[in-house]
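Trainee: next one to model:
(chains A, B, C and D)
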2 protein chains.
Amino acid sequence: MALEKETEEKIFKAAQSIFQKRGFEGARMQEIADEAEINKSMLHYYFRSKDKLFQEVFQAGIKKVMPQLFGILKSEMGLSEKVNEIVNFYHDMFRENQHLPTFVVYEMNQHPERFKEFLGVMNIELPDVFREQVNTEVSEGRMKPISAEQFLLNIVSMCMMPMLAKTMVKTIFALDEVAYANFLEERRALIPEIILNGVKPS
Amino acid sequence: MALEKETEEKIFKAAQSIFQKRGFEGARMQEIADEAEINKSMLHYYFRSKDKLFQEVFQAGIKKVMPQLFGILKSEMGLSEKVNEIVNFYHDMFRENQHLPTFVVYEMNQHPERFKEFLGVMNIELPDVFREQVNTEVSEGRMKPISAEQFLLNIVSMCMMPMLAKTMVKTIFALDEVAYANFLEERRALIPEIILNGVKPS
DNA sequence: GTCTATATAACGATAGAC
DNA sequence: GTCTATCGTTATATAGAC
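Mentor: So this is what the prediction gives:
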């Protein structure tokens, strides 16, 4: 029946919202049920347990980020173009899903095993194309010596940190919601410039 | 009595360990008591409630970071020296207290009000000295146009992100505990170079 | 499939003896 | 101050009627 899938999906969407906002420990099955406008026992009918429901939300969260990121890294683009794409990807993703980055990063630390075994299923490892791209730039003297790992981490750090530390940024810099959004938008152009200029040989 | 203070301190240290590792929602009063090797009811005797105990741990966490960071920003050093000091500060702090960055950043998002009112008590706002320092460098053409806020956030992002996303970094880059520690150490020199080179006029 | 009612366990917190 | 025992509540989860 169509209604079954609809119900299951309503629950899942609600679970995403609550888990991402409150974390596994902070989330309440009742709150998920309320959000889905559905009876609490339905959660168990469709997903058996809080743990299983969380697992699916967690994995969906990773699937929403990693494949796209690694898609860019594996692509045929030039290095500076990739930097731009990654920065735009993170900022677009965050606009639609404010709590996703915090959720994924935090819950990974809380349940490293879950993440590790899931990464085996997908095949997530630093693409050779990207690694060679960085190495070539370095060996041909167009970039200062840096590993592909450090280079990628720099980009990701500059993008994600202000999202993870939203409250901190807003509070210390005295930004309201709009000013914060503008502040982030400013970084779409700023980050690639710093990242690329930062490794330029002097 | 000396024993009172000792007991209170044992509880507090245990609470720091557990809260920082598990978060407020994930922490259990029983686990704190076990860690302190003390009876559970003692927690309430000394700190009344889980909430009050958490509050103190949370505020102590902020006090451990912010004053030192803002101390550097307010100091007489030159800008590039400040960058170095900040980077070293974060890396030293993390060596001693692995879970502190995650804890502070995450719980800030979960309880923005608590943080906001506490920041009023301390006076945490971006020091004028630092702001003018950045503005001067920019207006005199030694740095590309950038606000003091974005400049500072770049440094903090590069330092904290790999600490917050420890599991993610370790897993995707296939690093064991030692390799991860070395990877972080590498960044002590790397980050200031990127940050400063990144804003150098071309 | 969906509801109500309830089982079962865990948690924070307190009372009261010592 | 420190302990044992227990209260009151809330959480996940299930049983059973419809």
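Trainee: mean pLDDT per helix and strand in chain A: which one sits at the bottom?
Mentor: Lowest mean confidence among the helices and strands of chain A (mean pLDDT, DSSP states H and E): helix A:112-121, at a mean of 88.
Trainee: whatever helix or strand comes next after it: which residues count as buried?
Mentor: If you walk from helix A:112-121 toward the C-terminus, the next helix or strand you reach (DSSP states H and E) is helix A:128-139. Within helix A:128-139, the residues that count as buried by 16 or more other CB atoms under 10 Å in any protein chain shown are A:130, A:131, A:133, A:134, A:137, A:138. Any C-beta I mention is one placed from the backbone N, CA and C, and that applies to glycine too.
Trainee: packing partners for helix A:128-139?
Mentor: Packing partners of helix A:128-139 (3 or more CB pairs under 8 Å, 6 or more residues apart in numbering or on different chains; DSSP states H and E): helix A:50-74, helix A:79-96, helix A:148-164.
Trainee: quick one: closest of these to DNA strand C.
Mentor: For DNA strand C, the closest of the helices and strands packed on helix A:128-139 is helix A:50-74, at 12.7 Å, according to CB to the nearest atom of the strand.
Trainee: what about that closest one and DNA strand D, touching?
Mentor: Yes. If you take CB under 7 Å from any atom of the strand as the test, helix A:50-74 does meet DNA strand D, through A:50, A:51.
Trainee: residue contacts, the residue positioned nearest the centre of chain A?
Mentor: Nearest to the geometric centre of chain A sits residue A:101, at 4.2 Å (CA atoms, centre = their mean). By CB atoms under 8 Å, 6 or more residues apart in numbering or on different chains, the contact set of residue A:101 is A:65, A:90, A:93, A:94, A:160, A:163, A:164.
Trainee: distance of the fifth one from chain B?
Mentor: Just to be clear, that refers to residue A:160. Distance of residue A:160 to chain B, given as CB to the nearest CB, to the nearest Å: 6 Å.
Trainee: how about residue A:193?
Mentor: According to CB to the nearest CB, residue A:193 and chain B sit 7 Å apart.
Trainee: from residue A:83, how far out is that residue?
Mentor: Residue A:193 sits 10 Å away from residue A:83, taking CB to CB, to the nearest Å as the criterion.
Trainee: residue A:57 now?
Mentor: Going from residue A:57 to residue A:83 by CB to CB gives 30 Å.
Trainee: the more surrounded of residue A:193 and residue A:83?
Mentor: Taking other CB atoms under 10 Å in any protein chain shown, residue A:193 and residue A:83 do not tie; residue A:83 has more neighbours (21 against 16).
Trainee: now the more buried one: how far from residue A:137?
Mentor: Distance of residue A:83 to residue A:137, computed by CB to CB: 12 Å.
Trainee: try residue A:179
Mentor: Taking CB to CB, one finds residue A:179 at 36 Å from residue A:137.
Trainee: do residue A:17 as well
Mentor: Residue A:17 sits 42 Å away from residue A:137, going by CB to CB.
Trainee: same deal with residue A:24?
Mentor: For residue A:24, the distance to residue A:137 - CB to CB - is 41 Å.
Trainee: now swap in residue A:143 and tell me
Mentor: Residue A:143 is 4 Å from residue A:137, where distance means CB to CB.
Trainee: grab the nearest non-local neighbour of the residue in chain A that DNA strand C sits nearest to.
Mentor: Proximity to DNA strand C, evaluated over chain A using CB to the nearest atom of the strand, is greatest for residue A:39 at 3.2 Å. Take residue A:39 and drop its neighbours on the chain: the residue closest to it by CB to CB, 6 or more residues apart in numbering or on different chains is residue A:33, 6.5 Å away.
Trainee: may I have the stretch of helix or strand the one you found belongs to exported as PDB, CA atoms only?
Mentor: If you go by DSSP H and E, residue A:33 is part of helix A:29-36. Output of helix A:29-36 as PDB, limited to C-alpha atoms (Å, rounded to 0.1, in the frame of the first residue of the first chain):
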ATOM      1  CA  MET A  29      10.800   8.400  20.800                       C
ATOM      2  CA  GLN A  30       7.800  10.400  21.900                       C
ATOM      3  CA  GLU A  31       9.100  13.600  20.400                       C
ATOM      4  CA  ILE A  32       9.800  11.700  17.100                       C
ATOM      5  CA  ALA A  33       6.200  10.400  17.200                       C
ATOM      6  CA  ASP A  34       4.800  13.900  17.800                       C
ATOM      7  CA  GLU A  35       6.900  15.300  15.000                       C
ATOM      8  CA  ALA A  36       5.500  12.600  12.700                       C
END
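Trainee: burial count for residue A:26?
Mentor: Using other CB under 10 Å, residue A:26 has 15 neighbouring residues.
Trainee: surely it touches residue B:110?
Mentor: Yes. Between residue A:26 and residue B:110 there is a contact at 7.1 Å, judged by CB atoms under 8 Å.
Trainee: circling back: can you pull the contacts of the residue nearest to residue A:39?
Mentor: A:14, A:39, A:40, A:42, A:43.
Trainee: what is the nearest of these to residue A:172?
Mentor: For those, the residue nearest residue A:172 by CB to CB is residue A:14; the value is 33.1 Å.
Trainee: for chain A, which residues are neighbours of DNA strand D?
Mentor: Near DNA strand D, when you scan chain A using CB under 7 Å from any atom of the strand, you find A:27, A:28, A:29, A:30, A:40, A:41, A:44, A:48, A:49, A:50, A:51.
Trainee: apply 6 Å and report the result again.
Mentor: Counting by CB under 6 Å from any atom of the strand, the residues of chain A close to DNA strand D are A:28, A:29, A:30, A:41, A:44, A:48, A:49, A:50, A:51.
Trainee: neighbours around the closest residue to the third one other than its chain neighbours, how many?
Mentor: Spatial nearest neighbour of residue A:30, excluding adjacent residues (CB to CB, 6+ apart): residue A:40 at 5.7 Å. By other CB under 10 Å, the residues close to residue A:40 number 14.
Trainee: residue A:40 reaches residue A:28, doesn't it?
Mentor: No. Taking CB under 8 Å as the definition, residue A:40 is not a contact partner of residue A:28, at 9.7 Å.
Trainee: so what are the domain limits for chain A?
Mentor: Recorded structural domains for chain A (assignment: automatic domain parsing) are A:1-48, A:58-198.
Trainee: quick check: end-to-end length of the last one?
Mentor: This means domain A:58-198. 34 Å (CA to CA, to the nearest Å).
Trainee: great, nothing more from me.
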